[in-house]
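Undergrad: prediction below, plus the sequence it came from.
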Amino acid sequence: MTIQELKQYVKNKKKANAAKWKAETDMHGYCKPFTDNDYSKNRDLIFTGKKLHKTKFTHNSIYKFTR
């Protein structure tokens, strides 16, 4: 594959993806952030923040023996 063929392939791929994304946008609409009502209805489904327990990585041999 030459450079010219590669450029043409990339251009065609971008056009195909743009057409696919436009069709999906026409069908489903654009993504919008949650409103306050949507957030309150779905707040148990939204996971935010850090985990309760973090894994501690230590590379200290003294730590291994004192545990």
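TA: Good, I have the coordinates.
Undergrad: next SSE after the longest helix along the chain?
TA: Counting by DSSP state H, the longest helix found in the chain is helix 3-28. Remark: after helix 3-28, the chain's next helix or strand is helix 36-41, criterion DSSP states H and E.
Undergrad: can you give me the mean pLDDT across that next one?
TA: Helix 36-41 carries an average pLDDT of 81.
Undergrad: now do stretch 6-14
TA: On average, stretch 6-14 scores 96.
Undergrad: distance of Asn42 from Phe34?
TA: Asn42 sits at a distance of 7 Å from Phe34 (criterion: CB to CB, to the nearest Å). C-beta coordinates here come from the backbone N, C-alpha and C atoms, glycine included.
Undergrad: likewise Ala19?
TA: 29 Å.
Undergrad: kindly report the same for Met1.
TA: The gap separating Met1 from Phe34 is 45 Å, by CB to CB.
Undergrad: in terms of neighbours, single out the busier of these two.
TA: For Met1 versus Phe34, the count of surrounding residues by other CB atoms under 10 Å is larger for Phe34: 12 against 7.
Undergrad: right, and the more buried one touches Lys41 too?
TA: No. Counting by CB atoms under 8 Å, Phe34 does not reach Lys41; the two are 9.0 Å apart.
Undergrad: give me the common contacts of the two.
TA: Taking CB atoms under 8 Å, 6 or more residues apart in numbering as the contact criterion, Phe34 and Lys41 have no common neighbours.
Undergrad: neighbours of Ala18, how many?
TA: Neighbour count for Ala18, taken as other CB under 10 Å: 10.
Undergrad: now do it, the pLDDT please.
TA: 96.
Undergrad: same check on the one 10 residues further on?
TA: At His28 the predicted local confidence, pLDDT, stands at 86.
Undergrad: what about it, how many residues nearby?
TA: Neighbours of His28 (other CB under 10 Å): 8.
Undergrad: can you check Tyr30 too?
TA: By other CB under 10 Å, neighbour count at Tyr30 equals 5.
Undergrad: over to Asn17?
TA: With other CB under 10 Å as criterion, Asn17 counts 10.
Undergrad: could you measure from it over to Tyr39?
TA: From Asn17 over to Tyr39 the distance is 31 Å, taken as CB to CB.
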